[in-house]
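[1] what's the 3D shape of this:
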Amino acid sequence: MASEKRTALITGSGRNMGRGMALHLAESGYNIVLNGSRNRDACEEVAEKVRGFGSEALIEMCDIGDRDKVIAMAKSAIDHFGSVDVLVNNAAIRPDGDFLTTSEEDWNKVYDTNFSSAFHLARACLPGMIAKKWGRIIHFTGMNAQQGHAGKAAVSTSKHALWGMTKTLSKEFGRQGVTTNIISPGTFPDVDADVSDARFQGLLKANPSGRLGTADDIAAMVDLLVSENGGFINGQMLQVNGGVVNQF
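    The predicted structure is shown next:
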């Protein structure tokens, strides 16, 4: 069933930043494909709010680290709405593990979840975007991918790989009206729940903006990227961290 509205697929959209992006885009008139791996109740709660904005919500529960399931999710979304116009690769896992002790199995699981899922989803969604001569692909990285992070070897390298894909897709598909960008968030209390209170206080003190991030900060950046005013922003890493990391 094709829809005249544009459709956004957001991985990890049952809570935190993903939830915030889903609600902002629904309020802007987008139909939303919600994704979670376990907590369907959370996705149902977001779906109800999406429908309250007059948009349609489709829930696709799957582990995005599973190749077959993530491809099936994309097919289901495209079959239902006709196309996916905005793809937001938000979901990720962030286990600890240094380079020498991370097992090959754990390394592959991180890559399958953080990188390969974005590859499969982009491959599935791009033909529809190209046909419409309009599309937005938004990846999420992190400060540890830019600077490296001892003790999170697989996470840092998988997230940096997304930056490489971002630059490549921007050059291959920019002329077809498809922009690809990557957002690098700072510290967000809702997301970084494993960080100690003492560490949070240190991060808060070190942030030039005098505060930590919120889901609304991320949603505001996504709002810009999907707008017509954001159409000339392509192939960029966009810092949303209050100034704690600067990029030349």
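
[2] from residue 90, how far out is the closest residue to residue 112 other than its chain neighbours?
    Distance criterion CB to CB, 6 or more residues apart in numbering; nearest residue to residue 112, sequence neighbours excluded, is residue 65 at 4.2 Å. C-beta here means a position set from N, CA and C on the backbone, and glycine is covered the same way. Look at residue 65 and residue 90: by CB to CB, to the nearest Å, they are 14 Å apart.

[3] looking at the two, which one has more neighbours?
    The neighbour comparison of residue 65 against residue 90 (other CB atoms under 10 Å) goes to residue 90, with 25 against 21.

[4] ok, longest helix in this protein?
    Longest helix of the chain, by residue count under DSSP state H: helix 153-173.

[5] for it, packing partners?
    Judged by 3 or more CB pairs under 8 Å, 6 or more residues apart in numbering; DSSP states H and E, the packing partners of helix 153-173 are helix 104-111, helix 117-132, strand 135-140, helix 143-147, strand 178-185.

[6] what's the fourth one packed up against?
    If contacts are counted by 3+ CB pairs under 8 Å, 6+ apart, helix 143-147 sits against helix 153-173, strand 178-185.

[7] equivalent analysis for the last one, please.
    Contact analysis of strand 178-185 by 3+ CB pairs under 8 Å, 6+ apart lists helix 117-132, strand 135-140, helix 143-147, helix 153-173, helix 215-226, strand 237-240 as its packing neighbours.

[8] mind listing what the most centrally placed residue in the chain touches?
    Centroid-nearest residue in the chain: residue 90, 2.2 Å away (criterion: CA atoms, centre = their mean). Residue 90 sits next to 10, 11, 12, 13, 17, 18, 21, 140 when contact means CB atoms under 8 Å, 6 or more residues apart in numbering.
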